[in-house]
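Enquirer: Need coordinates for the below:
(one chain, ligands or ions: 1)
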Amino acid sequence: MSAVPQSSPTGPTSSASAGPGPRVAVVTGASSGIGEAAARALAGDGWHVVVTARRVERLEALAAEIEGTAVACDVTDREQVAALARAVSELPGELGLLVNNAGGAVGDDPIEHADPDDWRWMYEINVIGLLQVTQALLPALRASGDGLVVNVGSTAGRIAYEGGAGYTAAKHGTQVVTETLRLELCGEPIRVTEIAPGMVKTPEFSMVRFAGDQEKYDAIYRGVREPLVAEDVAECVRWVAALPHHVNIDELVVRPRAQAAQHKVHREE
Ligand code: 8X3
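Expert: Coordinates of the predicted model:
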């Protein structure tokens with residue numbers, strides 16, 4: 001599970017093999033959805049991937065499959081994040097990539113009736129968690145001489161929509177933190193990117209958001225023939241990471257062809 005492969009199949013533009021042996025990537029929220037798919041895509045590109053999430057049993061199966069390393073970590077818990085950083089520092093390869101993917105939405109109430117605890121949770125996971133992991137791993141990314149931070153934001157960080165204020169506020173936070181980090185690190189050997197997906201069919205994300213309400217879940221994807229799937233976003237992560245180190249993608253907004261804008265979705269009845 002934690003063996004670091006000694007050879008890498010990466011091509012000349014990939015930063016997964018810049019030094020001796022494969023470089024290390026950390027992916028948070030890797031037990032399902034976009035994080036899990038990103039871990040697979042990066043492993044396929046030669047990265048040694050450290051997969052993190054709260055649910056260790058799902059992580060271990062994934063780590064075994066991709067010959068990566070599983071580290072259980074709740075990104076909102078500072079001690080656990082410090083332990084993650086220690087585990088990463090003990091691996092033989094250099095840390096070249098952090099994918100801050102852990103995040104989520106809960107609730108769809110209008111502002112008048114929204115639960116402040118839901119909002120706190122969303123800010124904690126989408127912003128504070130990202131902050132804590134970034135702080136803990138920046139020294140290693142810097143020391144590698146070629147680091148990349150990819151924050152998985154959302155089109156919800158670009159617009160507002162009814163019933164979504166807690167999530168859109170948090171994802172606007174993700175966007176602004178990403179932009180600020182890029183400003184603050186300018187001149188250092190660290191790229192900073194936000195990937196902002198629109199409609200992605202990731203069952204767990206939507207079921208958590210709607211507390212298991214199948215009707216609400218179905219309504220989101222109703223008539224949309226091809227929403228994005230986790231693998232589509234994972235490919236964006238892989239591509240950004242494989243670019244030459246002087247090429248910084250600031251923001252990458254990605255939607256299914258059927259979604260021209262947040263409220264403009266083509267549905268086939
Ligand atoms: C999820 C995208 O459209 O539900 O990050 O806000 S959306």
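
Enquirer: Can you show me the helices along the protein?
Expert: 33-44, 56-66, 78-89, 116-123, 129-143, 165-184, 203-209, 214-221, 230-242 (DSSP state H).

Enquirer: Next, the angle from the last one to helix 33-44.
Expert: Between helix 230-242 and helix 33-44, the angle formed by their directions is 50 degrees, by axes from the mean of the first three to the mean of the last three Cα atoms, to 10 degrees.

Enquirer: wait, Gln63 sits on Glu57?
Expert: Careful, residue 63 is Ala; it's not Gln. No. Under the criterion of Cβ atoms under 8 Å, Ala63 is not in contact with Glu57, lying 10.9 Å apart. Heads up, the C-betas are built off the backbone N, CA and C, glycines and all.

Enquirer: Settle it for me: which of these two has more neighbours?
Expert: Taking other Cβ atoms under 10 Å, Ala63 and Glu57 do not tie; Ala63 has more neighbours (23 against 9).

Enquirer: Any idea what the closest residue to the more buried one other than its chain neighbours is bridged to?
Expert: Among residues not flanking Ala63 along the chain, Ala70 sits closest, at 3.8 Å (Cβ to Cβ, 6 or more residues apart in numbering). As for beta bridges, Ala70 partners with Val51 under DSSP bridges.

Enquirer: can you pull the contacts of Ala70?
Expert: Residues near Ala70 by Cβ atoms under 8 Å, 6 or more residues apart in numbering: Met1, Ser2, Val50, Val51, Thr52, Val56, Leu59, Glu60, Leu62, Ala63.

Enquirer: Given the biggest strand by length in the chain, what are its sheet partners and their directions?
Expert: The single longest strand within the chain, with elements called by DSSP state E, is strand 190-197. Paired with strand 190-197 in the same sheet, following DSSP bridges, are strand 147-152 (parallel), strand 251-254 (parallel).

Enquirer: For it, give me every contacting residue.
Expert: If you take Cβ under 8 Å, 6+ apart as the criterion, strand 190-197 is touched by 34, 138, 141-142, 147-155, 157-158, 171, 174-175, 178-179, 181-182, 185, 228, 232-233, 236-237, 240, 245, 247-255.

Enquirer: Identify all contacting residues around the helix or strand bottoming out on mean pLDDT in the chain.
Expert: None of the helices or strands of the chain scores lower by mean pLDDT, DSSP states H and E than helix 203-209, at a mean of 90. Contacting residues not belonging to helix 203-209 are listed as Ser32, Gly33, Gly104, Ala105, Val106, Gly107, Asp108, Tyr167, Lys216, Tyr217, Ile220 [Cβ under 8 Å, 6+ apart].

Enquirer: Now stretch 182-198: buried residues?
Expert: Neighbour-count burial for stretch 182-198, with 16 or more other Cβ atoms under 10 Å as criterion, is recorded at Arg182, Leu185, Ile190, Arg191, Val192, Thr193, Glu194, Ile195, Ala196, Pro197, Gly198.

Enquirer: Distance check, the fourth one against Ala82.
Expert: Going back to what we said before, that points to Arg191. Distance of Arg191 to Ala82, computed by Cβ to Cβ, to the nearest Å: 24 Å.

Enquirer: ditto for the first one
Expert: The spacing between Arg182 and Ala82, counted by Cβ to Cβ, is 25 Å.

Enquirer: mind showing which ranges of this structure have poor pLDDT?
Expert: For the chain, the stretches with pLDDT under 70 are 1-21.

Enquirer: what's the residue closest to the geometric middle of it?
Expert: Central residue of the chain (Cα atoms, centre = their mean): Asn101, 2.0 Å from the mean position.

Enquirer: which residues touch that residue?
Expert: Contact analysis of Asn101 by Cβ under 8 Å, 6+ apart lists Val27, Thr28, Gly29, Ala30, Ile34, Gly35, Ala38, Val152.
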